[in-house]
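J.: Output the structure for:
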Amino acid sequence: MTANVGTIDRIIRAALGVALLWFAFFSGLPLADTPLWKYGAAILGVVMLVVAAVRVCPVYSIFGLKTCA
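T.: Coordinates of the predicted model:
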């Protein structure tokens, strides 16, 4: 697959992924104790990190978007 995620997009996705994983497992907030929010944030965080690592976003592919030069 062709890369469709640019550098700035990768940085934002990686930061968001780390923040979501922190929220899910280390925040200590009452909202993070409910399984829906905890595992939802964890799954979304992992997806964000994977997309940042491989530089291919399936949603961008569907809509024909590209943020890389």
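
J.: Which of the three states applies to residue 65?
T.: Under DSSP: H, G, I helix; E, B strand; the rest coil, residue 65 falls in the coil class.

J.: Now for residue 58, how many residues are close by?
T.: 10 (other C-beta atoms under 10 Å). In short, each C-beta sits where N, CA and C put it, glycine included.

J.: Equivalent analysis for residue 68, please.
T.: 14.

J.: what do you get for residue 1?
T.: Residue 1: 9 neighbours (other C-beta under 10 Å).

J.: which residues touch it?
T.: 56, 61 (C-beta atoms under 8 Å, 6 or more residues apart in numbering).

J.: Tell me the spacing between it and residue 7.
T.: Residue 1 is 18 Å from residue 7, where distance means C-beta to C-beta, to the nearest Å.

J.: mind listing what's buried in stretch 60-69?
T.: Residues of stretch 60-69 classed as buried: 60, 67 (neighbour count, 16 or more other C-beta atoms under 10 Å).

J.: Give me the distance between it and the centre of its chain.
T.: Centroid separation for stretch 60-69 versus its chain: 16 Å, with C-alpha atoms, centre = their mean, to the nearest Å.

J.: how about the CA coordinates for it, as PDB?
T.: C-alpha atoms of stretch 60-69 as PDB (Å, rounded to 0.1, in the frame of the first residue of the first chain):
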ATOM      1  CA  TYR A  60      -7.900   8.000   4.100                       C
ATOM      2  CA  SER A  61      -7.700   5.300   1.400                       C
ATOM      3  CA  ILE A  62     -11.400   5.000   1.200                       C
ATOM      4  CA  PHE A  63     -11.900   8.700   0.600                       C
ATOM      5  CA  GLY A  64      -8.800   9.200  -1.500                       C
ATOM      6  CA  LEU A  65      -7.100  11.600   1.000                       C
ATOM      7  CA  LYS A  66      -3.400  12.100   1.300                       C
ATOM      8  CA  THR A  67      -1.500  14.200   3.900                       C
ATOM      9  CA  CYS A  68       2.000  13.400   2.600                       C
ATOM     10  CA  ALA A  69       3.800  15.100  -0.100                       C
END
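
J.: Cool, thanks, signing off.
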